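Student: Show me how the following folds:
(chains A and B)
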Amino acid sequence: MKRYLKTLVLFWSASISAEMEYRANFILATLSSLASMGGALFALWALLRTEYAMAGWSFDQALIVVGIYTMLDGLQQTLLAPNRQQINEFVRNGTLDFVLIKPVDAQFWLSARKVSVWGVPNTLLGMALIVYVASFRLEPAAALTDYPRLVVPLAAGILIYYALGYLLSTLTIWFTKLSNVTHAMHALLEAGRYPVGAYPPAYRVFFTFVVPVAFMTTVPADALLGRAQPAWVLGGLAIAAVLLVAARLFWLFALRFYTSASS
Amino acid sequence: MPAITTRGLSKTYRVADKKPGLLGTLRHFIKRRHREIEAVKVVDLDIAPGEVVGFLGPNGAGKTTTLKMLTGLVHPTAGEVSVLGHEPFKRRPELLKQITLVMGNKQQMIWDLPPMDSLHVNAAVYGVPDDEAMRRVKVFAEMLGLDEELTQPVRKLSLGQRMKCELVAALLHHPKVLFLDEPTLGLDLNAQTAVRQFLKQYNEEQQASILLTSHYMADITALCERVVVIHEGAILYDGSLDGVIERFAPLREVKLDLGGHADDAVLRRFGEVEVNDGRSARLLVQRQTLTETVGRVLAELDVEDLTVTDPPIEDVIARLFASGDGKAEQGTTDAHG
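Tutor: Residues are numbered from 1 along each chain as shown, chains lettered A, B, ... in the order given. I've put the predicted structure just below:
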């Protein structure tokens, strides 16, 4: 365990150092990150002006979902997307060999090797939006003691998202090039930008039971609003557990078919 | 107990069968066709601890596939394989901590950072304490003549410097079995020599087994006393390096520096003329008649200098594989013997 922790620290510091190796790129990426945050703020402002309300959700309640979406998007840009992309490269170049021959769990390596600071602004923006809406706009305002209710459903949401991403990435073992995994995963998360209740019923079923988008954003928002039923929170955890086990088994199964690129 | 044992090891791949051109690609996209390729048919090997074995064969002979089965990267289709008492494809950490893999055409170090960063990561992954890791790095760096290269970004290093650093990264955990796939690929002569010496020294100090593939025969001759020749997925020869030359190279090369001009026609009386530029010549002479031929050459020609060498083993191996199997060459030997 200690070995894994130390490895993780080195992974992340190496990952950030590598990013900072190119100064011009670092500055440009900082600017672009700020610009996209500006864009997101503008979209929010546009929403705020119209005060559009969806079925079962007041405008402010829906904003909580948007805040959670923005935060999750930031977190996945920081922790998940860079690694998903790397699995692709590893399989295509055959450098997965070097990972597989190391005495650490390959899934750990492939899931934790990289971290990107470019998701941090979105994460902070999402958090700020949640706090601003929940504590200052909602009637009644959320108390400090309400926030811990977010932890479990949010954790379940992140794990679900991770497991789905890893399941898709594992397919690269057979198909070699699947760089669209990242786009597919992003599109999936984007479906969670608004409360699932805002979609037509057929979509609602799809986003809840087929691809569990509801558990990523809507359920955490309900939890913060104090109206989530325990069954939904527990259900989210159960789905996360099932998907994590599925991702693990599928990965181990896929490795049997790995043939390694070039010679 | 041998370090490596395999019995009846084989691997069959399913590969896409695709016609060239856009039309072929379209057809392939819609309806995939596959055929089976027997990359390794049957390989029986025993490698003792501390033994250095050269693994020879033309491209596609099954060398790399065998290496990948031994390192646990590829599941064997059939047969038994044991490395240090483990089945490699189970990829148990106890085994992985004792083996390593170096591939001349791939690299594991982080491209944008100095090798030192990658070395720290490897030390953590293998559970080597920091001070011990740094001590080992220092020893290896001295053996390989590395210094500030360790603190420059990998992308700024030359190929030779990079491969030396790759070796440090691959051996930091003091593995007992080394799998080296073309470790000197593309390196200049100095770097090749340095890598060879380093591997020899590591082998002697750690009593590590090495299985090495290389297209540079100098690697094989410098490091391996035993070679295994693999062709079309099966072992063609397993024995001493000298044995390969004896068995597959019935000819020796005689280099002559001549005092005066000698015509090809004259030289042809002694053997096959490889080169003749008037002042110096190279002849290929049957091993069995060598002593007699050299005597005749010295008696009949104006010779200033004469050296006898084995033809480059590259040529021997190339001939061997060009003939499809070793038998044709052997037949020649027999006919003249």
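
Student: CA-only coordinates of the helix or strand that A:I158 is a member of in CSV, if you can.
Tutor: Using DSSP states H and E, A:I158 maps to helix A:151-170. Taking Å, rounded to 0.1, in the frame of the first residue of the first chain, the C-alpha atoms of helix A:151-170 are listed here in CSV:
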residue,chain,number,x,y,z
VAL,A,151,-20.0,13.0,-0.6
VAL,A,152,-21.4,9.5,-1.0
PRO,A,153,-23.5,10.1,-4.1
LEU,A,154,-20.7,12.2,-5.7
ALA,A,155,-18.1,9.5,-5.0
ALA,A,156,-20.5,6.9,-6.6
GLY,A,157,-20.9,9.2,-9.6
ILE,A,158,-17.2,9.5,-10.1
LEU,A,159,-16.6,5.8,-9.7
ILE,A,160,-19.4,5.0,-12.2
TYR,A,161,-17.9,7.4,-14.7
TYR,A,162,-14.4,5.9,-14.2
ALA,A,163,-15.6,2.3,-14.5
LEU,A,164,-17.5,3.1,-17.7
GLY,A,165,-14.4,4.9,-19.2
TYR,A,166,-12.2,2.0,-18.3
LEU,A,167,-14.6,-0.6,-19.8
LEU,A,168,-14.5,1.4,-23.0
SER,A,169,-10.8,1.9,-23.0
THR,A,170,-10.2,-1.8,-22.5
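
Student: for A:T95, what are its contacts?
Tutor: Going by C-beta atoms under 8 Å, 6 or more residues apart in numbering or on different chains, A:T95 touches A:E89, B:K106, B:Q107, B:Q108. (C-beta placed from N, C-alpha, C; glycine too.)

Student: Tabulate the residues you listed (CSV), appending distance to B:F270.
Tutor: As requested, the contacts of A:T95 are exported to CSV (distance: C-beta to C-beta, whole Å):
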residue, distance to B:F270
A:E89, 59
B:K106, 48
B:Q107, 49
B:Q108, 53
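
Student: Show me which of those residues is closest to B:V154.
Tutor: The shortest gap between B:V154 and any of the contacts of A:T95 belongs to B:Q107, at 7.7 Å (C-beta to C-beta).

Student: about what we covered before: what sits up against the helix holding A:I158?
Tutor: Residues contacting helix A:151-170 (C-beta under 8 Å, 6+ apart): A:68, A:72, A:75-76, A:80, A:84, A:87-88, A:107, A:110-111, A:178, A:181, A:184-185, A:188-189, A:211-212, A:215-217, A:219-220, A:222-223, A:228, A:232-233, A:236-237, A:239-240, A:243-244, A:246-247, A:250-251, A:254.

Student: Now that we have the residues you listed, which of them are buried?
Tutor: A:68, A:72, A:75-76, A:80, A:84, A:87-88, A:107, A:110-111, A:178, A:181, A:185, A:188-189, A:212, A:215-217, A:219-220, A:222-223, A:228, A:232-233, A:236-237, A:239-240, A:243-244, A:247, A:250-251, A:254 (16 or more other C-beta atoms under 10 Å in any protein chain shown).

Student: of all the residues in the stretch 151-300 of chain B, which ones are close to chain A?
Tutor: Neighbours of chain A within the stretch 151-300 of chain B, by C-beta under 8 Å from any C-beta of the partner chain: B:P153, B:D181.

Student: Show me what residue of the stretch 151-300 of chain B gets nearest to chain A.
Tutor: Nearest residue of the stretch 151-300 of chain B to chain A: B:P153, at 6.6 Å (C-beta to the nearest C-beta).

Student: burial measure for that residue, as a count.
Tutor: Applying other C-beta atoms under 10 Å in any protein chain shown, we find 16 residues neighbouring B:P153.

Student: can you pull the buried residues of the helix holding A:I158?
Tutor: So helix A:151-170, judged by 16+ other C-beta under 10 Å, has buried residues A:152-154, A:156-170.

Student: Can you show me the helices along the stretch 1-150 of chain A?
Tutor: Along the stretch 1-150 of chain A, counting by DSSP state H, counting those that start in this stretch, helices occupy A:2-20, A:23-50, A:59-75, A:81-93, A:96-100, A:106-112, A:120-132.

Student: cool, and the stretch 201-337 of chain B?
Tutor: Going by DSSP H, counting those that start in this stretch, the stretch 201-337 of chain B shows helices at B:217-223, B:241-248, B:264-267, B:290-300, B:313-322, B:327-336.

Student: repeat for the stretch 51-200 of chain B
Tutor: Counting by DSSP H, counting those that start in this stretch, the helices of the stretch 51-200 of chain B are B:63-70, B:93-96, B:115-125, B:130-144, B:159-171, B:189-206.

Student: wait, A:V115 sits on A:P82?
Tutor: Yes: using C-beta atoms under 8 Å, A:V115 is in contact with A:P82, at 6.7 Å.

Student: shared neighbours, the two?
Tutor: A:S15.

Student: Quick one: work out the angle between the helix holding A:I158 and helix A:59-75.
Tutor: Counting by axes from the mean of the first three to the mean of the last three C-alpha atoms, to 10 degrees, helix A:151-170 lies at 50 degrees to helix A:59-75.

Student: could you point out which element follows helix A:151-170?
Tutor: Following helix A:151-170 in sequence, per DSSP H and E, is helix A:172-175.

Student: Is that following helix positioned near chain B?
Tutor: No: under the criterion of C-beta under 8 Å from any C-beta, helix A:172-175 makes no contact with chain B; the nearest approach is 11.0 Å.

Student: avg pLDDT for that helix?
Tutor: For helix A:172-175, mean pLDDT rounds to 82.

Student: Which pLDDT value goes with B:R33?
Tutor: With respect to pLDDT, B:R33 has a value of 76.

Student: and the spatially closest residue to it that is not a sequence neighbour, how many residues sit next to it?
Tutor: Leaving aside its chain neighbours, B:R33 sits nearest to B:D17 (4.4 Å; criterion: C-beta to C-beta, 6 or more residues apart in numbering or on different chains). Using other C-beta under 10 Å, B:D17 is surrounded by 11 other residues.

Student: Tell me the backbone dihedrals of B:D17, please.
Tutor: Backbone torsions of B:D17, given as degrees, to the nearest 10, read phi -110, psi 110.

Student: can you pull the contacts of it?
Tutor: So B:D17 contacts B:R33, B:H34, B:R35 (C-beta under 8 Å, 6+ apart).

Student: redo that, cut-off 10 Å
Tutor: For B:D17, the contacting residues are B:G24, B:H28, B:R32, B:R33, B:H34, B:R35, by C-beta atoms under 10 Å, 6 or more residues apart in numbering or on different chains.

Student: So for it, what's the pLDDT?
Tutor: For B:D17, the predicted pLDDT is 74.
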